[in-house]
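Engineer: Just need the structure, nothing else, for what follows:
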Amino acid sequence: MKNFIILSLLALLVTYTAESQFMQKQLATEPIPSVRERVIDDGMVAPELIFVTSVNQDVEFFGQTLEMRFDVSTGKGDLWMYIFTNEERSDFRGYVVFKPMLGGYIIEEFDASEVLDSGLPIELEQSLDDFAWENSDKAAAAFRSSAAFSEFYALEPDVFMIALFLNGGIPVIEYGDPMWGAIMEKGEMEQMCSAHAISLQVQCLTEASVDDAFANNFMIYPNPTSDYITIEAIPSEASMVQIFNVLGVEIKSLTPTLSAGDEVRINVSDLTTGTYFVKIGNRFLPFVKE
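Structural biologist: The predicted structure is shown next:
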């Protein structure tokens, strides 16, 4: 997740000096007309918007630190990134945009594959232009209403990004619906919250999972673990056990013969260090792989 953010910013910073840190914060929608015009000027016919993001990132540049920040209190960001595509989905263009306090928009192209290949579950058949999605200020207000989001954000995460895309796999949002995703990392801890970009209903996987798990006597141990997890007290409606990473991408899927109250032991020694989620029925429970 960190790599595509850093690569995109470095391409931009070789052109502009540290004076660019005096930037004007913008809502997600404000630069879009200017960027869309640029995409058309670059030769794309009828460009369709498929991805929007703002990130928190410090970049050292000639001995000074450039601070790119998304303001959760206002929903505005110093810097926005957009990806457009054509109707045939044969061309993808990424653009980094910011606005100095004393100037107009500065728009630079970056390699869209850095985002599209990063593991984010982005559905590409439709576009964000097909939906009347809520702006970043509404999304930020929705996230602030979530205790799970606010508690993790209070830790001042090392990496924080807020992204808008059509859901291609996050389990708590309908497939193909527009969603705002808030992704945070603090050391080895990760948190993923999603807000439906129309209804603004928020789900943080840890928040929803813990509540459902304890209400239904569904447990995982040991947690944290380095090799195996045991799932105890399987819900009666379960037919499959799935493991997702923090971005909602399915990592493992098992279809053992399950009966209510059964135990299942799963080898997770091949997983990299981080937070994962077990899904059984319509319930989620997090565990940490050491």
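Engineer: what packs against the helix or strand harbouring residue 93?
Structural biologist: If you go by DSSP states H and E, residue 93 is part of strand 92-98. Applying 3 or more Cβ pairs under 8 Å, 6 or more residues apart in numbering; DSSP states H and E, we find strand 92-98 packed against helix 2-13, helix 32-41, strand 79-85, strand 106-110, helix 113-116. C-betas here are computed from N, CA, C, even on glycine.
Engineer: Quick check: buried residues in the fourth one?
Structural biologist: What that stands for is strand 106-110. 106, 107, 108, 110 (16 or more other Cβ atoms under 10 Å).
Engineer: that older thread, lowest average confidence across the helices and strands packed on strand 92-98, which one?
Structural biologist: Per-segment mean pLDDT for the helices and strands packed on strand 92-98 reaches its minimum on helix 2-13, at a mean of 48.
Engineer: Identify, from the buried residues of strand 106-110, the entry nearest to residue 86.
Structural biologist: Lowest distance from residue 86 to the buried residues of strand 106-110 (Cβ to Cβ) belongs to residue 110, with 17.6 Å.
Engineer: Would you mark the buried spots in the strand holding residue 93?
Structural biologist: Neighbour-count burial for strand 92-98 [16+ other Cβ under 10 Å]: 92, 93, 94, 95, 96, 97, 98.
Engineer: Dump these to a markdown table, plus pLDDT.
Structural biologist: As requested, the buried residues of strand 92-98 are arranged in a markdown table below (pLDDT from 0 to 100):
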| residue | pLDDT |
| --- | --- |
| 92 | 96 |
| 93 | 95 |
| 94 | 94 |
| 95 | 93 |
| 96 | 88 |
| 97 | 88 |
| 98 | 84 |
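Engineer: quick check: angle from the helix or strand hosting residue 142 to strand 79-85?
Structural biologist: Residue 142 belongs to helix 136-144 when elements are defined using DSSP H and E. Counting by axes from the mean of the first three to the mean of the last three Cα atoms, to 10 degrees, helix 136-144 lies at 110 degrees to strand 79-85.
Engineer: Grab the longest strand from the protein for me.
Structural biologist: strand 48-61 (DSSP state E).
Engineer: and residue 188, what pLDDT?
Structural biologist: Per-residue confidence at residue 188 stands at 72 (pLDDT).
Engineer: pretty sure it is in contact with residue 272, am I right?
Structural biologist: No. Applying Cβ atoms under 8 Å, one finds residue 188 not in contact with residue 272, separated by 10.3 Å.
Engineer: how far away is the closest residue to residue 252 other than its chain neighbours from residue 103?
Structural biologist: Spatial nearest neighbour of residue 252, excluding adjacent residues (Cβ to Cβ, 6 or more residues apart in numbering): residue 243 at 4.2 Å. Separation of residue 243 from residue 103 (Cβ to Cβ, to the nearest Å) stands at 48 Å.
Engineer: Below-threshold pLDDT in the stretch 51-200 of the chain: ranges please.
Structural biologist: Scanning the stretch 51-200 of the chain for pLDDT under 70 picks out the ranges 58-66, 171.
Engineer: Quickly list the domain ranges of this protein.
Structural biologist: 2-206, 216-289 (automatic domain parsing).
Engineer: Tell me which of these is the most buried.
Structural biologist: The highest mean neighbour count among these belongs to domain 2-206 (a mean of 18), with neighbours defined as mean count of other Cβ atoms under 10 Å.
Engineer: got the angle between the helix holding residue 142 and strand 48-61?
Structural biologist: 70 degrees.
Engineer: export helix 136-144 as PDB, just CAs?
Structural biologist: What follows is helix 136-144, C-alpha atoms only, in PDB (Å, rounded to 0.1, in the frame of the first residue of the first chain):
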ATOM      1  CA  SER A 136     -15.300  13.600   0.900                       C
ATOM      2  CA  ASP A 137     -16.600  15.900   3.600                       C
ATOM      3  CA  LYS A 138     -19.700  13.700   4.000                       C
ATOM      4  CA  ALA A 139     -17.500  10.600   4.000                       C
ATOM      5  CA  ALA A 140     -15.200  12.100   6.700                       C
ATOM      6  CA  ALA A 141     -18.100  13.000   8.900                       C
ATOM      7  CA  ALA A 142     -19.400   9.400   8.600                       C
ATOM      8  CA  PHE A 143     -16.000   8.000   9.500                       C
ATOM      9  CA  ARG A 144     -15.800  10.300  12.500                       C
END
